[in-house]
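Participant: Sequence and predicted model, in that order:
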There are 2 protein chains.
Amino acid sequence: MENNAIKIDNESSPSSSLLLTPQNVDSLFNSVEAFLFDCDGVIWKGDKLIEGVPETLEMLRSKGKKLVFVTNNSTKSRKQYAKKFCSLGISVTEEEIFSSSFAAAMYLKVNDFPREKKVYVIGEEGILEELELAGFTGLGGPEDGKKKVELKPNCLFEHDKSVGAVVVGLDQYINYYKLQYGTLCIRENPGCLFIATNRDAVGHMSDLQEWPGAGCMVAAVCGSTQKEPIVVGKPSTFMMDFLLQKFQISTSKMCMVGDRLDTDILFGQNAGCKTLLVLSGVTTLSALQDPSNIIQPDYYVNKVSDILKFLG
Amino acid sequence: MENNAIKIDNESSPSSSLLLTPQNVDSLFNSVEAFLFDCDGVIWKGDKLIEGVPETLEMLRSKGKKLVFVTNNSTKSRKQYAKKFCSLGISVTEEEIFSSSFAAAMYLKVNDFPREKKVYVIGEEGILEELELAGFTGLGGPEDGKKKVELKPNCLFEHDKSVGAVVVGLDQYINYYKLQYGTLCIRENPGCLFIATNRDAVGHMSDLQEWPGAGCMVAAVCGSTQKEPIVVGKPSTFMMDFLLQKFQISTSKMCMVGDRLDTDILFGQNAGCKTLLVLSGVTTLSALQDPSNIIQPDYYVNKVSDILKFLG
């Protein structure tokens, strides 16, 4: 379990990551034009805002910094995320949000996925909504969450032969029906793509604890198909082209702020951004400083609002 | 999809596996005292017997050969398997059956798993039944198949802190509740074991097609826990000690008959047995002969009843 109020011991800070302090915050702040934020564990946990976030974002905007939200959580669409931000008292536009649900739809779009083909979804509403907005026909998702499998002699589980891609994301309604459907499409439909929104092991689906993430469902489909997916969310930099197109800022002037080493920080590093790890989510200080950890952010800090505190 | 009536072309047989023929069947038959059979894809597909099996088993028994059934399918207990054999007109005793459900219970037994600790099961009735027979307390399984997760603020998903092992096998009632329960036990209960009955990608849950196997559920738990399991079913040779104890036959005088290269044949080879691949299950002739395949059985044949035909 993670601790919300971790005491940071300056003396044990790792050699290659710097603890963000009132002394060095200016050098990060002045060199960055856009802050890229992960959401779960950075902005909120489940439906609960992390302390001091709205004021910090407001301050950043007032100082002319661009804000972008890059989330691996595929359960919502960009529109649904904008609503969530709004309900938590933070004003964010759809265009500032880059979710892995959007990434999945964009992957199909830039790869000229044929409009007449269908997309089977092991995941939630967000993926289906983004597919529809991009002009694709989605199948499965929440609707198949109630379907049951009947294993009877001579019965054949039928699947749609026109499915040309299976998108797998976090799915709290995962069941054997969906696993069989997705597996059959990938194994039997010639050329069928296997796309993973992301491979996060766990996430803060509720504020008090972690739950199995998309990495769980994706691994299940890897297990039954013995194939590896195309990953469109972090740490893949697939979304970076869209970000660059929209914001026209060099990645060296961007700072990725996240709570996960293997997705957020790796994504930032892969894209050539500065990186700031916050300890308000899944990564503990001891995990960061563990000798087995090879991913070191440029800076780390307890939580996002420390930026405001240090600059104030 | 596999083909029940594969035409075998003698000329394209792989260099290291021999096609079983009327000419070489005697040399295999005479050197073997016990035949170890896999079940799914060898004896039956789903609930449908494969042609000619009862007569072949009867002939082998009449010639003094020991018969053993080693199955990775954990959905049934040994008792339930004996009933299934009986319902298909084949007389087999419980003691001749080594299922991965039994293997999971035996693993805990030989490793002195404390009786006061509990075992959480992502799997079906067979595992719970074997655990109970071995004197252990099982939780989860089919009962948790109907449970739903509620992701509400401030709600905490509670798990039993006395769970000391999670056993994962094939589970057609897999859901997010079980995945979270098993994940929490493995991540949070100190020293909690993660045991996989097996890692088969797919299996013939019905006669007409393949379905996601235990490898799907096991991979899901690997994905959320980022841990690797102890595997007790094939190709692990954990069961071999029990077999040897019961039958007192050297493994060099055993022949493992199965339809899977990566479980059955590898298990036989790991244990020092002779190996016979049947093409009546998941492995096609082209998969056997594919240059990427490194697992070569001693012999291969269309189906079990060819042994009877060739000897007859």
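Facilitator: Sure, I can see it.
Participant: Helix or strand with the lowest mean pLDDT in chain A?
Facilitator: Lowest mean confidence among the helices and strands of chain A (mean pLDDT, DSSP states H and E): helix A:240-247, at a mean of 87.
Participant: Phi first, then psi, for A:P291.
Facilitator: phi -60, psi -20 (degrees, to the nearest 10).
Participant: again, but for A:D306
Facilitator: The phi/psi pair for A:D306 (degrees, to the nearest 10) is phi -60, psi -30.
Participant: if you skip the residues just before and after it, what's nearest to it?
Facilitator: Using Cβ to Cβ, 6 or more residues apart in numbering or on different chains and skipping the chain neighbours, the partner closest in space to A:D306 is A:L20 (6.6 Å). Every C-beta, even on glycine, is put in place using the N, C-alpha and C of the backbone.
Participant: residues near that neighbour, how many?
Facilitator: Using other Cβ atoms under 10 Å in any protein chain shown, A:L20 has 24 neighbouring residues.
Participant: ok so, going back, now the least confident helix or strand of chain A - C-alpha only, PDB.
Facilitator: The C-alpha trace of helix A:240-247 is given here as PDB (Å, rounded to 0.1, in the frame of the first residue of the first chain):
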ATOM      1  CA  MET A 240       3.700  12.300 -28.800                       C
ATOM      2  CA  ASP A 241       3.100  13.100 -32.500                       C
ATOM      3  CA  PHE A 242      -0.400  14.300 -31.700                       C
ATOM      4  CA  LEU A 243       0.900  16.400 -28.800                       C
ATOM      5  CA  LEU A 244       3.600  18.000 -30.900                       C
ATOM      6  CA  GLN A 245       1.200  18.800 -33.700                       C
ATOM      7  CA  LYS A 246      -1.200  20.500 -31.300                       C
ATOM      8  CA  PHE A 247       1.300  22.400 -29.100                       C
END
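Participant: what's that helix packed up against?
Facilitator: strand A:66-71 (3 or more Cβ pairs under 8 Å, 6 or more residues apart in numbering or on different chains; DSSP states H and E).
Participant: what are the C-alpha coordinates of the following helix or strand past the strand it packs on, in PDB please?
Facilitator: Counting by DSSP states H and E, the element after strand A:66-71 in chain order, helix or strand, is helix A:78-87. What follows is helix A:78-87, C-alpha atoms only, in PDB (Å, rounded to 0.1, in the frame of the first residue of the first chain):
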ATOM      1  CA  ARG A  78     -11.600  12.600 -23.700                       C
ATOM      2  CA  LYS A  79     -15.100  14.100 -23.300                       C
ATOM      3  CA  GLN A  80     -15.800  12.000 -20.200                       C
ATOM      4  CA  TYR A  81     -12.400  13.100 -18.700                       C
ATOM      5  CA  ALA A  82     -13.200  16.800 -19.300                       C
ATOM      6  CA  LYS A  83     -16.400  16.300 -17.400                       C
ATOM      7  CA  LYS A  84     -14.600  14.500 -14.500                       C
ATOM      8  CA  PHE A  85     -12.100  17.400 -14.300                       C
ATOM      9  CA  CYS A  86     -15.000  19.900 -14.300                       C
ATOM     10  CA  SER A  87     -16.800  18.000 -11.600                       C
END
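Participant: Now do helix A:78-87: everything it contacts.
Facilitator: A:39, A:47, A:69, A:71, A:76, A:91-95, A:97-99, A:101-102, A:125-126, A:129-130 (Cβ atoms under 8 Å, 6 or more residues apart in numbering or on different chains).
Participant: nearest residue to whatever residue of the stretch 1-150 of chain A ends up closest to chain B other than its sequence neighbours?
Facilitator: Proximity of the stretch 1-150 of chain A to chain B (Cβ to the nearest Cβ) peaks at A:D47, 5.1 Å away. Using Cβ to Cβ, 6+ apart and skipping residues adjacent in sequence, the residue nearest A:D47 is B:P153, 5.1 Å away.
Participant: any idea how far the nearest residue to A:S17 once chain neighbours are set aside lies from A:V231?
Facilitator: Leaving aside its sequence neighbours, A:S17 sits nearest to A:Q296 (Cβ to Cβ, 6+ apart; 4.6 Å). Per Cβ to Cβ, to the nearest Å, A:Q296 is found 22 Å from A:V231.
Participant: just to revisit the earlier point, buried only: go through the contacts of helix A:78-87 for me.
Facilitator: A:39, A:47, A:69, A:71, A:76, A:92, A:97-99, A:101-102, A:125-126, A:129-130 (16 or more other Cβ atoms under 10 Å in any protein chain shown).
Participant: related to what we said a few turns ago, which ones are touching the residue nearest to A:D306?
Facilitator: So A:L20 contacts A:28, A:276, A:299-301, A:306-307, A:310 (Cβ under 8 Å, 6+ apart).
Participant: Let me know the pLDDT of it.
Facilitator: We have a pLDDT of 97 for A:L20.
Participant: likewise A:M1?
Facilitator: pLDDT recorded at A:M1 is 36.
Participant: same thing with the one 5 residues further on?
Facilitator: Each residue has a pLDDT score; the one for A:I6 is 43.
Participant: and what of A:K274?
Facilitator: 97.
Participant: same thing with the one 3 residues further on?
Facilitator: Turning to A:L277, the model gives it a pLDDT of 98.
Participant: Can you pull the domain assignment for chain A?
Facilitator: A:18-72+A:235-311, A:112-231 (the TED database).
Participant: Pick the most buried one from those.
Facilitator: Across the domains of chain A, averaging neighbours per residue (mean count of other Cβ atoms under 10 Å in any protein chain shown) puts domain A:112-231 on top, at a mean of 21.
Participant: My read is that the residue nearest to A:D47 contacts A:S206, right?
Facilitator: Yes - if you go by Cβ atoms under 8 Å, B:P153 and A:S206 touch, sitting 6.8 Å apart.
Participant: overlap in contacts of these two?
Facilitator: Joint contacts of B:P153 and A:S206 (Cβ under 8 Å, 6+ apart) are A:46-47.
Participant: Contacts made by the least confident helix or strand of chain A with the rest, please.
Facilitator: A:34, A:36, A:66, A:68, A:70, A:95, A:98, A:106, A:251, A:271.
Participant: Could you provide the residues you listed in a markdown table, with additional columns for distance to B:Y120 and pLDDT?
Facilitator: Below are the contacts of helix A:240-247 laid out as a markdown table (distance: Cβ to Cβ, whole Å; pLDDT from 0 to 100):
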| residue | distance to B:Y120 | pLDDT |
| --- | --- | --- |
| A:A34 | 45 | 97 |
| A:L36 | 39 | 98 |
| A:K66 | 47 | 96 |
| A:V68 | 41 | 96 |
| A:V70 | 35 | 97 |
| A:E95 | 45 | 94 |
| A:F98 | 38 | 96 |
| A:M106 | 40 | 97 |
| A:T251 | 45 | 96 |
| A:A271 | 40 | 96 |
